[in-house]
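J.: compute the structure for the input listed below.
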Amino acid sequence: MASNPNSQELPLVLLHGLLGDGRDWQPVIEALPGIDCHALDLPGHGNNRGLSVTGFEQTHQWLCDALKALGIAQYRLAGYSLGGRLALYHASRAPAGLQALLLENCHPGLPLAERAARIEHDECWARRFEREPLAAVLADWYRQGVFADLDEAARARQIARRLGNEGHAIAAMLRATSLGQQPDLAAWLRAKPLVGARLPVSWLSGSRDHKFHQLACQLVKQGCNIHHLTLDGGHNLHASQPERFASCLRDWIASTP
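T.: The predicted model follows:
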């Protein structure tokens, strides 16, 4: 991939997680003066809630089209949770303009034998998002183990921020991008020295998000070509400590010319 002599001017594209929207990144963006940031709304979310996709490949095509519409030819890409999984799949498709990738607490993909169970797990949530009051579903969603670092006040704030979502749109996106539908991209990361060595991949995990921190550590042990970074925090680091997260992004930008 071609290098960019003005690395500070290279656009930074940001992808949020399930139930979020591009506004989630605003505190981080405000802490990154001088960086050209573009926080996109994923299909089924925010201003794109009326847009649906059928799977990872169609979401990759959506992202390519969105970047083209913005006039972005070369870019860095950062994604959180679902947004990180979509960003990782996008990178695995070798888009010509991608210069660097940063993933926050995301999953590389399940072995084939575990995918059917995960599809059924996500289908149960999808049916709830379709059929039940959103507030009731969110109250249970944010009691999952991955959000254990949230206290009652933080959980209530998070639920309040997510009440603008449309349940059917979230259900459709959850089905289309279930972890059970995702290829095992750890294999791609292990092969990357051969197929994409010029793409630097940084993986940021929260030390108190035990599941995803352990996943990142396992990727390193398995020989995946990633640079693993850790912050003292839980699952949603950019929300809980935006200035520290922005500092990590500044260091990342400086280290990926």
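J.: who does residue 201 form a beta bridge with?
T.: Each beta-bridge partner of residue 201 is listed here, defined by DSSP bridges: residue 101.
J.: go ahead and confirm it touches residue 189.
T.: Yes. The pair formed by residue 201 and residue 189 meets the contact definition of C-beta atoms under 8 Å, at 6.9 Å. Yep, even glycine has a C-beta here, placed from its N, CA and C like the rest.
J.: what do the two both touch?
T.: Listed as contacting both residue 201 and residue 189 by C-beta atoms under 8 Å, 6 or more residues apart in numbering are 225, 226.
J.: what's the biggest helix by length in the chain packed up against?
T.: Ordering each helix of the chain by length in residues (DSSP state H) puts helix 112-131 first. For helix 112-131, the packing partners by 3 or more C-beta pairs under 8 Å, 6 or more residues apart in numbering; DSSP states H and E come out as helix 134-141, helix 167-176.
J.: residues in contact with the shortest one?
T.: What it means is helix 134-141. Helix 134-141 has contacts (C-beta under 8 Å, 6+ apart) with 19, 125, 128, 129, 147, 158, 159, 162, 163, 165, 167.
J.: show the buried residues in those.
T.: 19, 125, 128, 129, 147, 158, 159, 162, 165, 167 (16 or more other C-beta atoms under 10 Å).
J.: for those residues, which one is nearest residue 50?
T.: Nearest to residue 50 among these is residue 165, at 12.5 Å by C-beta to C-beta.
J.: list the contacts for the closest one?
T.: Counting by C-beta under 8 Å, 6+ apart, residue 165 touches 19, 45, 49, 134.
J.: so what's the residue count around the second one?
T.: In other words, residue 45. 26 (other C-beta atoms under 10 Å).
J.: didn't it look like it was pressed against residue 169?
T.: Yes. With contacts defined as C-beta under 8 Å, residue 45 counts as touching residue 169 at a distance of 7.3 Å.
J.: helices or strands up against the helix or strand containing residue 88?
T.: The secondary structure element spanning residue 88 is helix 82-92 (assigned by DSSP states H and E). Contacts of helix 82-92 with other secondary structure elements, assessed using 3+ C-beta pairs under 8 Å, 6+ apart, are made with strand 12-15, helix 56-69, strand 75-80, strand 98-104.
J.: residue 250 is nearest to which of the ones you listed?
T.: Closest to residue 250 of the helices and strands packed on helix 82-92 is strand 12-15 (C-beta to C-beta; 10.3 Å).
J.: from residue 18, how far off is residue 186?
T.: Residue 186 sits 21 Å away from residue 18 when distances are taken as C-beta to C-beta, to the nearest Å.
J.: may I have stretch 129-136 exported as PDB, CA atoms only?
T.: Listed in PDB are the C-alpha atoms of stretch 129-136, where the atom choice follows Å, rounded to 0.1, in the frame of the first residue of the first chain:
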ATOM      1  CA  PHE A 129     -35.400  -6.700  20.100                       C
ATOM      2  CA  GLU A 130     -38.300  -7.300  17.600                       C
ATOM      3  CA  ARG A 131     -41.000  -8.200  20.000                       C
ATOM      4  CA  GLU A 132     -40.400  -6.500  23.400                       C
ATOM      5  CA  PRO A 133     -40.200  -2.900  24.600                       C
ATOM      6  CA  LEU A 134     -36.700  -1.700  23.900                       C
ATOM      7  CA  ALA A 135     -36.100  -0.500  27.500                       C
ATOM      8  CA  ALA A 136     -36.800  -3.900  28.900                       C
END
